[in-house]
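[1] Fold the following for me, if possible:
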Amino acid sequence: MRNSRAILIIGVALLLALGAVVLAAKWMGEQGPAGTRVVVAAADIGQGARILPASLQLADWPAGALPPGAITDMKLLEGRIARGDIARGEPVLESKLAPAGTLGGLSAVVASGKRAMTVRVNDVVGVAGFALPGNYVDILVNLAPSNSDLAQNAGSISKIVLERILVLAVAQESAVDDSKPRVVNAVTLELTPDQVEKLDLARSIGSLSLVLRNQVEAQPANTTGATRESVLGLPAVTAKAPAPVYEPAPRTPSPAPRQPSAPRDGVLVIRGLDAASQSF
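    All right, here's what the predicted structure looks like:
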């Protein structure tokens, strides 16, 4: 009797469990597909590198968390160039790819409407090697006075001329380990055409320095520049106007002396005791 009751309870429990499984499967089927297969990187892909089929694979991705620009067909990536670093397991997004038909190299990394320009740096100018590809820097120019009469660098100014400039490459590498600083002698920056002209003039009239800034901060500095007087707390020096130069008034030329008239022909007329000259 007891065995029959136990078997009955077990049978009811199995039926309830089976019903729960059926209901769960039906509910999940009504929710649509559980995920989508997207293209992810099978290995680390460097900035400016050409994407190869061996560096890609398909992976299941939740349909509700699909990132914008995700690619589901690996054939669409043939010959494409990576515009930024893509880590292993990271989905390959259209925003991290150069336009179709772009050749490899640094030119594929430069954004549309921008230019790449290289400036010479040293261990001090280059922020001790911490200005790495992908970082943002401000560019500071120190301008010395051109007038040698100004003593002790009076009139010098240090001013931030360009802000939030993207570092594309250091030396000849566009991808380095961002955890290790590297001292190099040249840094390539991404600039607009107007910024290129300003930077070219700035490096010809003064000395440049790079100032490393926060990656996400976009607030402009809006500084007026530092001068010798503002650093030392001295009164501002005003340039003296040159003394006026007085020139003597031009002399009026004296009139030329009158030339005596040429002698005219005549005769001497004598009348008694009087004599007079008669001209013709």
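[2] so where do the helices sit in this protein?
    With helices called from DSSP state H, the chain shows them at 2-30, 193-205, 228-232.
[3] Among those, which comes closest to Ala218?
    Of all the helices of the chain, helix 193-205 sits nearest to Ala218, with 15.8 Å by Cβ to Cβ. Quick note: C-beta positions are derived from backbone N, CA and C, even for glycine.
[4] For that closest one, give the mean pLDDT please.
    Helix 193-205 carries an average pLDDT of 93.
[5] tell me what it is packed against?
    On a contact count with 3 or more Cβ pairs under 8 Å, 6 or more residues apart in numbering; DSSP states H and E, helix 193-205 meets strand 115-120, strand 136-143, strand 157-170.
[6] Quick check: which ranges of the chain have low pLDDT?
    1-3, 28-35, 104, 123-126, 146-155, 173-182, 237-270, 272-280 (pLDDT under 70).
[7] change it to 50
    Within the chain, the segments meeting pLDDT under 50 span 32, 149-151.
[8] domains in it, as residue ranges please.
    35-99, 115-232 (the TED database).
[9] isn't Gln215 right next to Tyr136, touching?
    Yes. With contact defined as Cβ atoms under 8 Å, Gln215 reaches Tyr136; the gap is 6.3 Å.
[10] So these two - more neighbours on which side?
    Tyr136 (20 against 9; other Cβ atoms under 10 Å).
[11] got the contact list for the more buried one?
    Tyr136 makes contacts with Arg164, Ile165, Leu166, Val167, Leu212, Arg213, Asn214, Gln215, as judged by Cβ atoms under 8 Å, 6 or more residues apart in numbering.
[12] neighbour-wise, which of those leads?
    When neighbours are taken as other Cβ under 10 Å, the top entry among the contacts of Tyr136 is Ile165 (23 neighbours).
[13] Please verify my assumption that that one contacts Thr188.
    No. Using Cβ under 8 Å as the test, Ile165 is too far from Thr188 to be in contact (10.6 Å).
[14] just so I know, which of the helices of the chain lies nearest Ala42?
    Of all these, helix 2-30 comes closest under Cβ to Cβ, at 29.6 Å.
[15] Quick one, which of the domains of the chain gets closest to Gly11.
    domain 35-99 (36.5 Å).
[16] Would you state the strands of the stretch 151-280 of the chain in chain order?
    157-170, 186-191, 207-212, 226-227, 266-271, 274-279 (DSSP state E, counting those that start in this stretch).
[17] The longest one versus strand 186-191: what angle between them?
    What it means is strand 157-170. For strand 157-170 against strand 186-191, the angle by axes from the mean of the first three to the mean of the last three Cα atoms, to 10 degrees is 100 degrees.
[18] Buried ones in strand 157-170, by neighbour count?
    For strand 157-170, a neighbour-count test (16 or more other Cβ atoms under 10 Å) marks 157-163, 165-170 as buried.
[19] Adding distance to Leu208, write the residues you listed out as a markdown table.
    A markdown table is the format used below for these (distance: Cβ to Cβ, whole Å):
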| residue | distance to Leu208 |
| --- | --- |
| Ile157 | 14 |
| Ser158 | 11 |
| Lys159 | 11 |
| Ile160 | 11 |
| Val161 | 9 |
| Leu162 | 10 |
| Glu163 | 14 |
| Ile165 | 11 |
| Leu166 | 16 |
| Val167 | 14 |
| Leu168 | 17 |
| Ala169 | 17 |
| Val170 | 15 |
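[20] Out of those residues, which two sit at the greatest distance?
    So, the buried residues of strand 157-170 by Cβ to Cβ: farthest apart are Ile157 and Ala169, at 30.2 Å.
[21] Kind regards, and thank you for your time.
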